[in-house]
Structure formats: structure tokens, C-alpha cells
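**Student:** fold the stuff below for me.
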Amino acid sequence: MIFNEKHSIGKYTVIRPLGKGCFAETYLVKDNNLNRITVIKIFFDGKLDVLLKEAKIQTALSHEHITKVHSADLIPNVQIPLNSVKQLLDMYPSLIDNIKNAIVNNTVLFLNVLCIDMEYMSGGTLGKKMEVSFISVKDAINYIMKVLLALEYIHSKGYIHKDIKPDNILLNDYGVPKLSDFGLSDHISSITYNGYTTHLPPEYFSGTAPNISSDLYAVGMTLYRLINNYTNWSQILHDKNISEQDLKKGKIIEKVGFQPFIPDKLKYVVKKACNKNKLKRYASATEFRNALAKIFPSIAWIRLNEDSWICKDNTKTENISIEYLPRKKTYKLCIKRNNRIQNEHTKEFTIREDAINNMFSYIRESYK
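**Tutor:** Have a look, this model is predicted:
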């Protein structure tokens, strides 16, 4: 990141860096004029009208599940830390002349910076949340249903997002998701394809223009990653030897597979959303959301560790665990409801894999 804590960027003071993409960096800052905490996304180079497109689109799309943009301003003469020059040049090779001039003349480097001031989402991204906590099937479906509400609105206004993934879904103080990062968004008539490669539909590779179905495919891939809690996505793709041919043929889900606790009816929804044939996918965000609403579970199973799960709802707490009994050399599958052992479901197995398979079967069946 170019800036560190306490660095000044116009009227803002950096609290901490939040992350960076290919063309911009995001910081949590204090607006010293208004004495408030906010988030700014900054760009160091490029045509102003192109860079402002993101802010204009996001401002035009006002919805409860879309992050708000407060303002977009060009901040002149921002001092750039000299120890960040190489990193800056890697991001923006076109700045080479500015940087050379500063080095030759032994002067401080100053640059004009485009700053987009946005709503602060204290819960961070869904991508980060997946890294630190287990996301239940119920919560994953709830998040995606809210994102689909935002997409219904976006598509109705004639836009497509083109970059839907866990890192572009933010959570507020109350865990409410909002779709963010409209840097690649465009009018629905756009012929330019962009986005996160593994979330792009197969037709992208044959040169077909992006459309509503492209967004829905990306939502399907996002849902797939959430329900399976696939955190280290790049490593998973590497381990499964996912190739460009697999992307072209829409075989990611087929090759990576589902976690054994995912119910069949949810697998069906994900596979339909990510069908390699766009004509067989959901026709709209509304249709996709309605399909999820029909299977929305009332319970939320949380994995505590490899051999232990817990489920809470309004009436009961249920635990399921596998315990090794050394004396018997067996694996005991124990199910408790409100701390009472359910004898009809408690069994012992001589093979651990059998106990695990029965545990997952019980979890899947409980979603019905």
C-alpha cells in the first residue's frame, strides 16, 4: 500500500489501509473537516472521466444493498512516500516521467489523486469473513438473496456489475451485505468483458458480450464458494488442476465438487445458476432469488471443528460430534438436543469415515 497510518491525503488522515486492486487502493480514514470516519478509494493515474465512471454509476444506483458514495474529488499535490515509489510504478507504469523528474531533481514526489469517498462498512468483506469464521448455509443464502435484490435494481436501471465475488460484498455493523466496487460496471449494452476470471461464464471465452446472465453466473459462483466455505480459492483451483479449458467448458464446480454437508436442493440451485449454457440459467435475479427463498433453511449449522457441529434456532440447541472410544476402538456419533442425548441417533462405528458420513447425512437431512 502506498500510504500508511497518519499519512495525510488532502482533508483525510489515514487510519489504516484496507486493500488494493489493480488500479486503486482503499483506506479507512478520518475526514478532518467533518470529524467522521469514512472510507476512500484513491486512483493515482488515468483519464478523469474514466475514473469517475465508478462513482457516477454507484451514486446513480441508490439501494439499501449497494454501498453509498458520498463524493468524488481530485486532490492536488498529494505527497507520495519515497519508499512507495517502486510499488506505485508497478501499479501505474505511465507515471515513470513524473517519478524520474522527482528523482533527477532530488525533490519530493507530489501527484494529483482522484479520491472517491464511500460508506464505511465496518464488517469488512465476505471474503475476509470467510477467512476468520465459518459461514453457515443459512447465512450464505441470506447474503446472496440480499445481493440479488441489489442486482434486480441494478439490472432494472440498465446496468450490469461485471465483478461479483466475495471480496466485493461488504458487511455493515449489523452484518447486512451490500454490493460494492462498481469499477468494472457498465451499461447493459456494453460489449467489454471484465471481471474475476473464475467467475466469468464460459461464453466469455468465445467472445460473447456480457449481459444479465453474466452477473447471475458470478453470483452463482459466489454462492458456491460461500456455502462450501472455500476460503483459499486460488489454492483449491491449483490443487484441483483447474485449467483454462475447464473455465471455457464451465467445469469448475464439476471438478472441485461440493462439501458433503450441502443439501441436494441447494446444489441444484447453484448448478442451474452456473450452467455452462446461459439459456439454462436463471433468467433474472428475481427468479434466482425466488429459487433460494423456497429452500431458505430455518436452522444454521456451524462447524466448530472437524468432528463437531452446533445448530441453534429459536426452540433448541443441537450438537453433533464424533468421539473416539479407545477401550472399544470405536467412533461414537453423538447427537444432543438441549444437552440431552438422542439415543435413537447415537451410534458407534468401527471405521471413522462411516461415522463422518453419517454425521453429514444427519446435517443434510435436517435442512429438509
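**Student:** and A293, its phi and psi?
**Tutor:** phi -60, psi -30 (degrees, to the nearest 10).
**Student:** so what pLDDT did the closest residue to it other than its chain neighbours get?
**Tutor:** Once flanking residues are discounted, A293 sits nearest to M145: 6.7 Å by CB to CB, 6 or more residues apart in numbering. C-beta coordinates here come from the backbone N, C-alpha and C atoms, glycine included. You'll see M145 listed with a pLDDT of 98.
**Student:** neighbours of M145, how many?
**Tutor:** Other residues near M145 come to 19 when the count uses other CB atoms under 10 Å.
**Student:** go on, the one 3 residues further on?
**Tutor:** Using other CB under 10 Å as the criterion, L148 is surrounded by 27 other residues.
**Student:** which residues does it contact?
**Tutor:** V219, A285, T286, F288, R289, L292 (CB atoms under 8 Å, 6 or more residues apart in numbering).
**Student:** what helix or strand does the first one sit in?
**Tutor:** The reference is to V219. helix 212-228 (DSSP states H and E).
**Student:** elements contacting that helix?
**Tutor:** With contacts defined as 3 or more CB pairs under 8 Å, 6 or more residues apart in numbering; DSSP states H and E, the packing partners of helix 212-228 are helix 126-132, helix 137-156, strand 159-160, helix 264-273, helix 285-294.
**Student:** how far does that helix sit from its chain's centre?
**Tutor:** Relative to its parent chain, helix 212-228 has a centroid offset of 10 Å by CA atoms, centre = their mean, to the nearest Å.
**Student:** now do that helix, average pLDDT.
**Tutor:** On average, the pLDDT along helix 212-228 is 96.
**Student:** with just CA atoms, put it into CSV.
**Tutor:** Output of helix 212-228 as CSV, limited to C-alpha atoms (Å, rounded to 0.1, in the frame of the first residue of the first chain):
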residue,chain,number,x,y,z
ILE,A,212,-27.5,-10.1,-17.1
SER,A,213,-26.7,-13.8,-17.3
SER,A,214,-23.0,-13.0,-16.8
ASP,A,215,-23.8,-11.3,-13.4
LEU,A,216,-26.0,-14.2,-12.4
TYR,A,217,-23.3,-16.7,-13.2
ALA,A,218,-20.9,-14.7,-11.0
VAL,A,219,-23.5,-14.7,-8.2
GLY,A,220,-23.8,-18.4,-8.5
MET,A,221,-20.0,-18.9,-8.2
THR,A,222,-20.0,-16.6,-5.2
LEU,A,223,-22.8,-18.6,-3.5
TYR,A,224,-20.9,-21.8,-4.4
ARG,A,225,-17.8,-20.5,-2.6
LEU,A,226,-19.8,-19.3,0.4
ILE,A,227,-21.8,-22.4,1.2
ASN,A,228,-18.7,-24.6,0.9
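**Student:** for R303, helix, strand, or coil?
**Tutor:** Using DSSP: H, G, I helix; E, B strand; the rest coil, the secondary structure recorded for R303 is strand.
**Student:** can you list the strands that the lengthiest strand in the chain pairs with?
**Tutor:** Across the chain, the longest stretch assigned as strand under DSSP state E is strand 69-79. Next to strand 69-79 in the sheet, as set by DSSP bridges, lie strand 110-118 (antiparallel).
**Student:** the strand it pairs with: which residues count as buried?
**Tutor:** By 16 or more other CB atoms under 10 Å, the buried positions in strand 110-118 come out as L111, V113, L114, C115, I116, D117, M118.
**Student:** and stretch 292-303, how far out from the chain middle?
**Tutor:** 19 Å.
**Student:** mind saving the C-alpha coords of it as PDB?
**Tutor:** The C-alpha trace of stretch 292-303 is given here as PDB (Å, rounded to 0.1, in the frame of the first residue of the first chain):
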ATOM      1  CA  LEU A 292     -33.300 -19.600  -3.000                       C
ATOM      2  CA  ALA A 293     -36.300 -18.300  -1.000                       C
ATOM      3  CA  LYS A 294     -38.100 -21.700  -1.500                       C
ATOM      4  CA  ILE A 295     -35.200 -23.600   0.200                       C
ATOM      5  CA  PHE A 296     -34.200 -21.000   2.800                       C
ATOM      6  CA  PRO A 297     -33.500 -23.000   5.900                       C
ATOM      7  CA  SER A 298     -34.700 -22.100   9.400                       C
ATOM      8  CA  ILE A 299     -31.600 -23.600  11.000                       C
ATOM      9  CA  ALA A 300     -27.900 -22.700  10.800                       C
ATOM     10  CA  TRP A 301     -25.300 -25.500  11.300                       C
ATOM     11  CA  ILE A 302     -21.900 -24.100  12.400                       C
ATOM     12  CA  ARG A 303     -18.800 -26.300  12.200                       C
END
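**Student:** per-residue confidence averaged over it?
**Tutor:** 94.
**Student:** who touches that stretch?
**Tutor:** 134, 136-139, 141-142, 144-145, 148, 229, 261, 263, 265-266, 269, 309-313, 363, 366-367.
**Student:** taking those, please make a PyMOL selection of just the buried ones.
**Tutor:** In PyMOL, this line selects whichever of the contacts of stretch 292-303 come out buried by 16+ other CB under 10 Å:
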select buried, resi 136+137+138+139+141+142+144+145+148+229+261+263+266+269+309+311+363+366+367
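**Student:** so F258 makes contact with R225?
**Tutor:** No. Applying CB atoms under 8 Å, one finds F258 not in contact with R225, separated by 11.2 Å.
**Student:** that concludes my questions; thank you for your assistance.
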